[in-house]
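Colleague: Predicted structure and sequence below. I'll ask about it afterward.
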Amino acid sequence: MTLRDLLAHDPVCRDIVQYLMQNNDAADTVRGIAQWWIRRDVAATQDALMKLQELGVVRTHVVQDHTFVYAYTKRSVLRQSLARYLGGAPVPGSAN
């Protein structure tokens, strides 16, 4: 599945990406993302994060034992592509 297809058909993935586009430096656990960012079910959020991670949109960091924190990709080309596709404003800190 392409990133465009995923965002067009998976509202949880789209919600996560839109949040990250507005909050470029945000990072949180699956539970935090589900509860505070997008107000969705934890299992659906986990599934969406795995899909987004496979496509390089989110990256993970281990913070404690087996606890992962998810954050937005640092790849400016991908950020710019997402901003164009979702109709967002230019990404702060990226070359225009």
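Modeller: On my side now, so go ahead. Worth saying up front: this structure is predicted, and the values here are computed from it rather than measured.
Colleague: Now for the residue minimising distance to the centre of the chain, which secondary structure element holds it?
Modeller: In the chain, the residue lying closest to the centroid (CA atoms, centre = their mean) is residue 17, at 4.0 Å. Using DSSP states H and E, residue 17 sits within helix 11-22.
Colleague: residues making contact with that helix?
Modeller: If you take CB atoms under 8 Å, 6 or more residues apart in numbering as the criterion, helix 11-22 is touched by 6-7, 26, 33, 37-38, 40, 44-45, 47-49, 51-52, 57-58, 71-72, 79, 82-83, 86, 88, 91. No exception for glycine: its C-beta is placed from N, CA and C like everyone else's.
Colleague: quick one, phi psi at the residue of the chain most remote from its centre?
Modeller: Most distant residue from the mean C-alpha position of the chain: residue 65, 22.6 Å away (CA atoms, centre = their mean). Backbone torsions for residue 65, taken as degrees, to the nearest 10, come to phi 50, psi -110.
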